[in-house]
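Engineer: For reference, the sequence and a predicted model appear below.
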Amino acid sequence: MSRSRMSGTTEKRVLTVLKVLVIAGAVVVSAGPLLYGMLLSVRPFSAVVNAPLDLFPAPSELDFGSYPTALRDESEGGFGLARLMRNSLGVAVGTVVLAVGCSVLGAYAAVRLRFFGRTAVNGMFLAVYLFPGIVLAVPLFVGMSRIGLTGSLFGLVLIYMAMTVPVALYMLRNYFVAVPVSVEEAALIDGCGRLKMIWKVVLPMSLPGIAATSLYVFMIAWNEYLFALLFLVRDRERWTVALGIAQLTEFTVPATVLMAGSIAITVPVIVGFFGAQRLLISGLTHGAEKG
């Protein structure tokens, strides 16, 4: 028994060490390039040219000037990323509001209402999203051209809404399925109408799913490049951050400015993640209180 216990203890220790090594390796692989980019963005360009592989700059050579250079407008000697971030923020928020707002009603109808072709419609949600964007690019561009919305941020919002509604419907549908039907029936018996019941009962209980879906839609709209290039390439004032970062990859742009711009455009996504995290926690707490 003592030998078996010792072998079991040794096995647990080996598994623990392997687990730590795997986690540490995953962290290094995923966070290492990001950390290197952050350190590169706060070094003078001359120091980067002389010693590009120095990971930790000396305190005396820290230089945050690359961030104002990347964010300032072109008329002030910068690269205009702040303006592009404002454009992308407006497009992403507008897409989230419209896409998630429509998807909430559509997903609830697909889960609770009975209508002809219900099963086929549910199966088409994800199938539509699987179409590559390049297949839809020409029809969408022709359609937007005929109604005069090419070159406008609102037209880009409509394009992103069409792209994200199918996957948002699919994601929200899975959350609405988990909402107990008995809770909805009790609300209807108490006198709630269908829309009031969705607002007062279904949405609070599905808040974690809505937060996760909103964050996913936001990231798609924030990072999308193909349709932004297709619709906005001729109007530099309306460019999004995806086009701006592509501009910074030119050889004439210092690597420190490129890294500073890349780090700066991740800030709204990080803020959105922590905001969604708070919503997830509050949604779970709210659901527990209701239970």
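Structural biologist: Thanks, I have it. Residues are numbered from 1 along each chain as shown.
Engineer: only C-alpha atoms for contact and neighbour calcs from this point on.
Structural biologist: Noted.
Engineer: so how far is Thr16 from Val22?
Structural biologist: 10 Å (CA to CA, to the nearest Å).
Engineer: Actually, Tyr225.
Structural biologist: 43 Å.
Engineer: and these two? which has more neighbours close in?
Structural biologist: Remark: of Tyr225 and Thr16, Tyr225 carries more neighbours, 15 against 12, as counted by other CA atoms under 10 Å.
Engineer: Now do the phi/psi pair for the more buried one.
Structural biologist: Torsion angles at Tyr225 (phi, psi; degrees, to the nearest 10) stand at phi -120, psi -40.
Engineer: what's the answer for Arg43, then?
Structural biologist: The phi/psi pair for Arg43 (degrees, to the nearest 10) reads phi -110, psi 150.
Engineer: and it, what pLDDT?
Structural biologist: Reading off the confidence values, Arg43 has pLDDT 83.
Engineer: now do Leu98
Structural biologist: 93.
Engineer: element containing it?
Structural biologist: Leu98 is part of helix 81-112, with elements assigned from DSSP states H and E.
Engineer: Buried ones in that helix, by neighbour count?
Structural biologist: Of the residues in helix 81-112, those buried under the neighbour-count criterion (16 or more other CA atoms under 10 Å) are 81-85, 87-96, 98-100, 103-104, 106-108, 110-111.
Engineer: Give me the helices and strands touching that helix, please.
Structural biologist: Here helix 81-112 touches helix 66-71, helix 118-129, helix 153-177, helix 207-223, helix 241-248, going by 3 or more CA pairs under 8 Å, 6 or more residues apart in numbering; DSSP states H and E.
Engineer: and the ones you listed, which one's lowest on average pLDDT?
Structural biologist: Mean pLDDT across those is lowest at helix 118-129; the value there is a mean of 69.
Engineer: looking only at pLDDT, what's the mean for the following helix or strand past that one?
Structural biologist: Tracing the chain C-terminally past helix 118-129 and defining elements by DSSP H and E, one meets helix 133-146 next. Helix 133-146 comes out with an average pLDDT of 82.
Engineer: May I have helix 133-146 exported as CSV, CA atoms only?
Structural biologist: What follows is helix 133-146, C-alpha atoms only, in CSV (Å, rounded to 0.1, in the frame of the first residue of the first chain):
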residue,chain,number,x,y,z
GLY,A,133,-17.8,37.5,-47.3
ILE,A,134,-16.2,37.8,-50.8
VAL,A,135,-19.1,36.0,-52.3
LEU,A,136,-21.5,38.7,-51.0
ALA,A,137,-19.2,41.6,-51.7
VAL,A,138,-20.2,42.4,-55.3
PRO,A,139,-24.0,42.0,-54.8
LEU,A,140,-23.9,44.2,-51.6
PHE,A,141,-21.7,46.8,-53.3
VAL,A,142,-24.1,47.0,-56.3
GLY,A,143,-27.2,47.2,-54.0
MET,A,144,-25.6,49.9,-51.8
SER,A,145,-24.5,51.9,-54.9
ARG,A,146,-28.1,52.0,-56.2
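Engineer: distance between that helix and the chain's centre?
Structural biologist: With CA atoms, centre = their mean, to the nearest Å as the basis, helix 133-146 stands 24 Å off its chain's centre.
Engineer: Show me what counts as buried in it.
Structural biologist: By neighbour count on 16+ other CA under 10 Å, the buried set for helix 133-146 is 140-141, 144.
Engineer: tilt between that helix and helix 153-177?
Structural biologist: With axes from the mean of the first three to the mean of the last three CA atoms, to 10 degrees defining the directions, helix 133-146 sits at 130 degrees from helix 153-177.
Engineer: Outside of helix 133-146 itself, list whatever touches it.
Structural biologist: For helix 133-146, the external contacting residues (CA atoms under 8 Å, 6 or more residues apart in numbering) are 150, 155, 159, 226-227, 230-231.
Engineer: Just the buried ones from the residues you listed, in ChimeraX syntax?
Structural biologist: Those of the contacts of helix 133-146 that meet the burial criterion (16+ other CA under 10 Å) are gathered into one ChimeraX selection, given here:
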select :150,155,159,227,231
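Engineer: Mark which of the contacts of helix 133-146 are part of helices, please.
Structural biologist: Assigned to helices by DSSP state H, the following of those qualify: 155, 159, 226-227, 230-231.
Engineer: Noted, bye for now.
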